[in-house]
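Trainee: Sequence and predicted structure are below.
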Amino acid sequence: MSGPASAFLETVGIFSLLDRAEIEGVLAHLASVDLAEGELLFREGDEGNELFIIREGGVRVSLCLPDGSDHEIARLAAGDFFGEMSIFDSAPRSASCRALAASSLDRLSKAGFNAIIDQNPRVALKLMYRMLNVTTQRLRDTGSIVSDMVTWGESARKRAVTDELTGVYNRRFLEDSLDGYLAEAREKGAPLSLVMADLDHFRRTNELHGQEKGDEAIKGMANAFRSSLRPTDVIARYGGDEFLLILPSTGPQEAMALMSAVCAKVAGLGILAHLGGPLFNVTTSMGVASWPEHAADLPGLKAAADGALYRAKEEGRNRVICAVPRQPVVAAKKRIRSIRAKNAVIENIVAAITGRSGFLLLGHQSPDDDCIASMVSFALVLRKFSADASIYFGSPPHERFRYLLDICRYNSIRLLDPAARLPAGVDTIVVCDTPKPSMIDASPALHELLRSPKVLRIEIDHHIGADSEYCGDEGYRLVTEASSASELVGHIVLKLENRADLLERHQVGELFSRNLVLSVLTGIVGDSHMGQYLKSRREKKYYEIFSTMFNGMLSRKTVKKTNFFTMDEVFGELQKLSAAEAGCYFAMWDKRRMSQSIASVALSEQTMKTLHEQNDEETIVSTARAVVDALAEESGKLGLLAYYDNPQKSDLVQFRVRRAAGWKKYDLRDLLTLLAIENGGGHEGAIGFRVPRALVPDLDEYMGRMVQTIETAIDPQSP
């Protein structure tokens, strides 16, 4: 099946997150089922291990009641699906299903779904996510019989995600699904609102009238939500009398109107009306926050809703308050007062580094050593995790910073000037070493981007007090005492180094590469004058950490002399390394070839022998990454590079594939399955993998076959 078949599946809810190519892949696992009018598809109690999608016609779902009668509980039409839980747990059918008219269905068996998981886990996750969304909607739309017996198939599953007292979702379900709702909002470009609500004077209600009345108030509030909200909205009891609501495709004004109706309905419950005492009715306070107006990510959204709820309490309760639109707060910078608070900010920044894709780095006007070094070092961290990174300079930096700029060029970090077009897909701006917003080095277009509610603003700075002002989003301001902004970047990297899960997932080998260490140390050295102006024990500690790394790497990889004492000595050594990277880059670039959609480079054993003799391992790895990025942009679709490891260290052949920034029609992780690669990983826009040398007797021939396979995969119509 293809063509019209895939076009139809695009209209089915569980396939809404899949593109046409992904749907075509699923089609191979579907089988057709034709039913005559009145024909039984399955009977209550039958073994269940298949999901069904109605293509034409319709079905009737019914239960057998204790008196033997048949009770209809649902009718499903073209585009509906059912039986999804059976492919997970093979639960017995909890209802019977019979065709209302001559009908055509598509069937996905448990074995077929397992094959999708094996072949393309990303597609399987998208399907499961949409199944969960549609299933949760059914829970809200249907009665308790359907909820218990049809949607979930077993009461234990329902208990796992619902609150026993109210029947709405519990905190476990909420925490498992919130990320998915925000991801879907971003993907569709639709708004999303989050509401935090709790009962006013709830503790006092329990003290005066007992827990039974308190529980009655909680259930009354849940019922008010149910009767006022829409099938697509999610109601969850967060704990005690606290509720959290997810309102998809809903902006702040619509959310405020919905919640105001609920607020009035709760106030009219009359639960305490005849009991006497100081509390004569139950009321609720609510805080509303929306993406992207009030926050750029989930932690910010929750914080904004919580802050609005606090304001509702402060302003008299029994009301709904909307969060203030997101904007840089004009407030003097202060040091982060606790290690816990500092670690929380770093965790948020790490989540952004590993979870977001388009970064733009800004510094202050007339940037100095620390400003440039902190931007470069942060950009190098981003490149380790294959994120796109660009640095803006309003005017050309001083010549003495040439090596730092060369580091950028050979690590695919874009350098932008006022005449350059802004890169597409920027979702995060990082402002480094800048005391206040008025000092940011940015063009009018960049200032406008800084104000965009869809962009996350990270701030890294060591200027506090005086006339300093924040420019980053709350929760993403790593602003505290330090020798330099570069030291704070180094602190982030030290935290990242302990996240083995993230390093493994993103195929990051050596996190503290020479270029990264040199960039961090350049900032520390520049602001402290080779450590002379360091004040605290902590500042001296970080200077010692990075200077030791710096000297150790240079002594192992480049020169005998260590212990540099002047900036001239540091930059002199950096210039030598820059020249080596340039030679390595062009030695690789000169070998490029072009097929229909792929620019590729295959480096022979002899070429690599020469490059290994002239360069250290880090230079080869970072240069290969830069070259494959350039190949992708030159081709407009894909860049592919292959080279032999140093035989003294490894018997592997390394492959890197990168997707052009403007071409996003293929998830490169699918190539790992297509090529039966076991040793590799990456993300949708960039992958790396390794093949034993024994399996690649002739690299040119091997690459030729690989290029043809990939060409066919990304464009089945290609010759």
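Mentor: Okay, I see it.
Trainee: now the strands: where do they sit in the stretch 501-650 of the chain?
Mentor: All strands of the stretch 501-650 of the chain, identified by DSSP state E, counting those that start in this stretch, fall at 593-594, 598-603, 638-644.
Trainee: Wasn't residue 98 part of a strand?
Mentor: Yes: assessed with DSSP: H, G, I helix; E, B strand; the rest coil, residue 98 lies in a strand.
Trainee: ok now do it, which residues does it touch?
Mentor: Residues in contact with residue 98 (CB atoms under 8 Å, 6 or more residues apart in numbering) are 38, 39, 40, 41, 59, 60, 62. The way it works is simple: take the backbone N, C-alpha and C, and place the C-beta from them, glycine included.
Trainee: Please list only the buried members of the residues you listed.
Mentor: 41, 59, 60, 62 (16 or more other CB atoms under 10 Å).
Trainee: who does the last one bridge with?
Mentor: Meaning residue 62. Beta-bridge partners for residue 62, by DSSP bridges, are residue 72, residue 96.
Trainee: do you know how far it is from residue 95?
Mentor: Per CB to CB, to the nearest Å, residue 62 is found 6 Å from residue 95.
Trainee: what sits opposite the residue lying closest to residue 297 once chain neighbours are set aside in the beta ladder?
Mentor: Leaving out its chain neighbours, the residue that sits closest to residue 297 by CB to CB, 6 or more residues apart in numbering is residue 456, at 6.0 Å. On the basis of DSSP bridges, residue 456 is bridged to residue 428.
Trainee: start the count at 23, not 1, going forward
Mentor: In the new numbering, first residue 23, that becomes residue 478.
Trainee: show me the contacts for residue 478.
Mentor: 318, 319, 322, 374, 378, 449, 450, 451, 495, 498.
Trainee: if we go to 10 Å?
Mentor: 314, 317-319, 322, 348, 370-371, 374, 378, 381, 449-452, 494-495, 497-498 (CB atoms under 10 Å, 6 or more residues apart in numbering).
Trainee: Common neighbours of residue 84 and residue 117, please.
Mentor: Counting by CB under 10 Å, 6+ apart, the residues touching both residue 84 and residue 117 are 66, 93, 94, 95, 96, 172.
Trainee: Any chance of the residues you listed in JSON lines with neighbour count as columns?
Mentor: JSON lines is the format used below for the shared contacts of residue 84 and residue 117 (neighbours: other CB atoms under 10 Å):
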{"residue": "66", "neighbour count": "15"}
{"residue": "93", "neighbour count": "11"}
{"residue": "94", "neighbour count": "11"}
{"residue": "95", "neighbour count": "15"}
{"residue": "96", "neighbour count": "21"}
{"residue": "172", "neighbour count": "22"}
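Trainee: Show residues contacting stretch 721-735.
Mentor: By CB under 10 Å, 6+ apart, stretch 721-735 touches 43, 615, 617-620, 622-627, 630, 659-660, 662-666, 675, 677, 679, 688, 690, 692-693, 696-697, 713, 715, 717-718, 720, 740-741.
Trainee: List buried residues within those.
Mentor: The buried subset of the contacts of stretch 721-735 (16+ other CB under 10 Å) comprises 43, 617, 619-620, 622-625, 630, 659-660, 662-666, 675, 677, 679, 688, 690, 692-693, 697, 713, 715, 718.
Trainee: Pretty sure residue 711 sits in a strand.
Mentor: Yes: with three-state DSSP as the criterion, residue 711 is part of a strand.
Trainee: and it, bridged to which residues?
Mentor: For residue 711, the beta-bridge partners are residue 677, residue 702 (DSSP bridges).
Trainee: my read: it touches residue 529, true?
Mentor: Yes: if you go by CB atoms under 10 Å, residue 711 and residue 529 touch, sitting 8.7 Å apart.
Trainee: Between those two, which contacts overlap?
Mentor: 701, 702, 703, 704.
Trainee: Contact partners for the closest residue to residue 708 other than its chain neighbours?
Mentor: Nearest residue to residue 708, sequence neighbours excluded (CB to CB, 6+ apart): residue 408, at 4.3 Å. Residues near residue 408 by CB under 10 Å, 6+ apart: 376, 379, 434, 528-530, 647, 651, 680, 704-710.
Trainee: Residue 362 and residue 223: what is the separation?
Mentor: Distance check for residue 362 against residue 223: by CB to CB, it reads 31 Å.
Trainee: Could you check the pLDDT of residue 445?
Mentor: Looking at residue 445, its pLDDT reads 87.
Trainee: how would you label it: helix, strand or coil?
Mentor: coil.
Trainee: which residue packs closest to it, ignoring adjacent ones?
Mentor: Nearest-residue entry for residue 445: residue 412, 5.2 Å, with adjacent residues in sequence omitted and distances by CB to CB, 6+ apart.
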